[in-house]
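**Q** 3D model of this:
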Amino acid sequence: MKIGILQTGHAPDQLIDTAGDYDQMFRTLLDGHGFEFKTYAVLDGIFPSGPEAADGWLITGSKFGVYEDHDWIPPLENLIRDINAQALPMVGICFGHQIIAQALGGTVEKYSGGWAVGRVKYDQDGQELALNAWHQDQVMTLPEGARVLAGNEFCKNGVLAYGDTIWTLQPHPEFASPFVADLIETRGRGVVPDDILDRARDDLHGPLNSHTIAAFMAEFLKKERI
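**A** Numbering: from 1, shown residues only. Next comes the predicted model:
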């Protein structure tokens, strides 16, 4: 199965050699599930010919806001709507989670409650899900037909589903804790309040459910749909 990765951001230059860029992180996360990957760096103006260029789609995270004025965001939203219209499977992570919601009629805003950084716990049907997060923006108004699958008091719309073909997640299952530790120092200081960064750094040793989410993502992308 061919998965098209729509890359909407780049990892900091000083971390790429050790951690890889954002598309590589997803290739690593989903390794062993039988996928073939093709990356389209949409933030650099590189787009697929259309939804038919892949069997399923994945949209990465980004340092940009979905509501910002970038020339690649409107065509990305059009592509999202075309993928949805063709009922192809699509997964969105962080920025991907937000841009899908915006493209389908929801709203995304800079959350007045501040930042979520590092290991965060989400409630999914009474079960705890721990993943690394890095965001201030949130999906505030749901598109028509979106279902909330998981969240917490800080981020109520943490996991969304649309019908049987779209599944999106606000945190980052692809972010390993060492990468978050480096991200705190390279991209966090001076942007995110130090007390939030320090608490996040001190809690990075905790267990994560990234492998569980990776298995779910693979199953979701591959499952047969009528």
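**Q** helix or strand with the lowest mean pLDDT in the chain?
**A** helix 13-19 (a mean of 93; mean pLDDT, DSSP states H and E).
**Q** now do the following helix or strand past it, average pLDDT.
**A** Per DSSP states H and E, the first helix or strand lying C-terminal to helix 13-19 is helix 22-29. Mean pLDDT, computed over helix 22-29, is 98.
**Q** where do the helices of this protein begin and end?
**A** 13-19, 22-29, 73-85, 95-103, 177-183, 194-202, 210-222 (DSSP state H).
**Q** and the contacts of stretch 114-129?
**A** 130-136, 149-152, 154-155, 158-159, 171, 177, 180, 184, 188, 192-193, 196-197, 199-201, 203-204, 206, 208-209, 212-213 (CB atoms under 8 Å, 6 or more residues apart in numbering). (C-beta placed from N, C-alpha, C; glycine too.)
**Q** in the least confident helix or strand of the chain, what counts as buried?
**A** Neighbour-count burial for helix 13-19, with 16 or more other CB atoms under 10 Å as criterion, is recorded at 15, 19.
**Q** start the count at 54 instead of 1 going forward.
**A** Done: numbering now begins at 54, and the last item shifts to helix 66-72.
**Q** distance from the chain centre to that helix, please.
**A** 19 Å (CA atoms, centre = their mean, to the nearest Å).
**Q** what is that helix packed up against?
**A** Contacts defined by 3 or more CB pairs under 8 Å, 6 or more residues apart in numbering; DSSP states H and E place helix 66-72 against helix 230-236.
**Q** ok, and for the helix it packs on, which residues are buried?
**A** Buried, per 16+ other CB under 10 Å, within helix 230-236: 230, 232-236.
**Q** repeat that for stretch 216-226.
**A** In stretch 216-226, counting by 16+ other CB under 10 Å, buried: 218-226.
**Q** in strands, which of the residues you listed fall?
**A** Of the buried residues of stretch 216-226, the ones assigned to strands by DSSP state E are 219-222.
**Q** among those, which two are most distant?
**A** Greatest spatial distance in these: I219 and L222, 11.2 Å, computed using CB to CB.
**Q** overlap in contacts, these two.
**A** Contact criterion CB under 8 Å, 6+ apart; residues shared by I219 and L222: 144-145.
**Q** who are the contact partners of the closest residue to S115 other than its chain neighbours?
**A** Among residues not flanking S115 along the chain, G62 sits closest, at 3.0 Å (CB to CB, 6 or more residues apart in numbering). Counting by CB under 8 Å, 6+ apart, G62 touches 75, 96, 113-117, 148.
**Q** let's see 10 Å
**A** Contact partners of G62, counting by CB atoms under 10 Å, 6 or more residues apart in numbering, are 74-76, 94-96, 113-117, 147-149.
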